[in-house]
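Asks: using only what follows, build the 3D model:
(one chain, ligands or ions: 1)
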Amino acid sequence: MPSPVLLTGASGALGRVLAHGLAGQGFSLRLTDIAPFPGDLPPGCSFTALDLNDGVALLRLAEGCGAILHFGGISVDRPFEEVLGPNIRGLYHVYEAARREQARVVFASSNHTIGFHERTEVLGTDCAFRPDSFYGLSKAYGELMGRLYWDKHGVENVNIRIGSSFPEPVDARMLATWLSYADLTAMMACCIQAEEVGHAVIWGASANSRMTWWRDDHRGRIAWAPQDSADGFAGQLAGKVSGNPVTERFQGGAYCAAGYSRGVPAEGA
Ligand code: 15L
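Replies: Now for the predicted structure:
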């Protein structure tokens, strides 16, 4: 029988999509979140409420798991003190649990690790981190934690730099950055089932023809290719921009403009 999969952040938007989608594919899931799971539990799932600051509880919950899909923690631009507990200490607890179980970690990283690269730049996953927020910085730390635990302890990990995963794209930027729920779910199944991944970094976008910024990642290791595309939304969204020059210039969009103080006002961030 395949090992159970632990999913943190299960009560969040993407966590719920994955809980239902992966349970529907027959994966045995242990769900956790600090908040209760909304609605009925998908078949074959258990739920345990847990604060990522509680390393002992996480170790216990991860016992016997073969993979940890880490979607927990702060998922948007927030002040440093709010990010610190769940995203910095909590991430360490996830990796310690993975080390104990020799489980594979799949980390919901973000495009905000590299948000201050301009949209004209073409990036490989080995590009410099240019976080646009304390949130993006915490995700860069998460990727580096994966690097450390692979090099030092042989803990495999896949770090997905998610663009914008929503039911559908809602502005012109997302015509490039959108990752459909179906592509995300298929990617997670591939991450769990792949033979060997080492330390991998993958851009999380669907097959959007406007995504000309991101190239050369490790998706071949998990045999994943996106099936959806934002292109069909172009007609309704092409003109939908913020009007803020900072937002429109950088890959991280509004996260770059929030609190920006290098000479361009942060209006409309
Ligand atoms: C993220 O990392 C966030 O979790 C999400 O809420 C969006 O802001 C997304 O990035 C994005 O850049 O569109």
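Asks: and stretch 200-209, end to end?
Replies: In terms of CA to CA, to the nearest Å, the two terminal residues of stretch 200-209 are separated by 24 Å.
Asks: and stretch 231-242, by the same measure?
Replies: For stretch 231-242, the end-to-end distance is 20 Å (CA to CA).
Asks: and that stretch, what's its mean pLDDT?
Replies: Averaging pLDDT along stretch 231-242 yields 94.
Asks: what segments of the stretch 151-269 of the chain are helices?
Replies: 174-177, 181-193, 234-237, 245-249, 254-257 (DSSP state H, counting those that start in this stretch).
Asks: ok, is the third one in contact with the ligand or not?
Replies: No. Legend: contact between helix 234-237 and the ligand by CB under 6 Å from any ligand atom is lacking; minimum distance shown is 13.4 Å. C-beta: built from backbone N, CA, C; applies to glycine.
Asks: show me what from the stretch 51-200 of the chain comes close to the ligand.
Replies: Near the ligand, when you scan the stretch 51-200 of the chain using CB under 6 Å from any ligand atom, you find 75-76, 110-112, 162, 164, 177.
Asks: any of those residues buried? List them.
Replies: 75, 110-112, 162, 164, 177 (16 or more other CB atoms under 10 Å).
Asks: which of the residues you listed fall in strands?
Replies: Members of those lying in strands (criterion: DSSP state E): 110, 162.
Asks: state the pair within the buried ones among the residues of the stretch 51-200 of the chain next to the ligand that is farthest apart.
Replies: Farthest-apart pair in those is S75 and T177; separation 15.0 Å (CB to CB).
Asks: rewinding a little: possible to save the buried ones among the residues of the stretch 51-200 of the chain next to the ligand as JSON lines with distance to C190 and pLDDT?
Replies: Listed next are those as JSON lines, based on distance: CB to CB, whole Å; pLDDT from 0 to 100:
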{"residue": "S75", "distance to C190": "22", "pLDDT": "97"}
{"residue": "S110", "distance to C190": "19", "pLDDT": "98"}
{"residue": "N111", "distance to C190": "20", "pLDDT": "98"}
{"residue": "H112", "distance to C190": "23", "pLDDT": "98"}
{"residue": "I162", "distance to C190": "15", "pLDDT": "98"}
{"residue": "S164", "distance to C190": "20", "pLDDT": "98"}
{"residue": "T177", "distance to C190": "20", "pLDDT": "98"}
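Asks: quick revisit: so which of the helices of the stretch 151-269 of the chain gets nearest S133?
Replies: Comparison of the helices of the stretch 151-269 of the chain against S133 by CB to CB identifies helix 254-257 as nearest, at 4.8 Å.
Asks: elements contacting that closest one?
Replies: helix 245-249 (3 or more CB pairs under 8 Å, 6 or more residues apart in numbering; DSSP states H and E).
Asks: can you give me the buried ones in the helix it packs on?
Replies: Buried residues in helix 245-249 (16+ other CB under 10 Å): 246-249.
Asks: the strands in the stretch 1-150 of the chain, which residues?
Replies: Secondary structure of the stretch 1-150 of the chain (DSSP state E, counting those that start in this stretch): strands located at 5-8, 29-33, 45-49, 67-70, 104-110.
Asks: ok now the second one, how far from the chain's centre?
Replies: Remark: strand 29-33 is offset 16 Å from the chain centroid, using CA atoms, centre = their mean, to the nearest Å.
Asks: pull the CA atoms of that strand into PDB?
Replies: The C-alpha trace of strand 29-33 is given here as PDB (Å, rounded to 0.1, in the frame of the first residue of the first chain):
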ATOM      1  CA  LEU A  29      -4.100  11.900   2.700                       C
ATOM      2  CA  ARG A  30      -3.500  13.300   6.100                       C
ATOM      3  CA  LEU A  31      -4.800  16.900   6.100                       C
ATOM      4  CA  THR A  32      -3.700  19.600   8.500                       C
ATOM      5  CA  ASP A  33      -4.200  23.300   9.000                       C
END
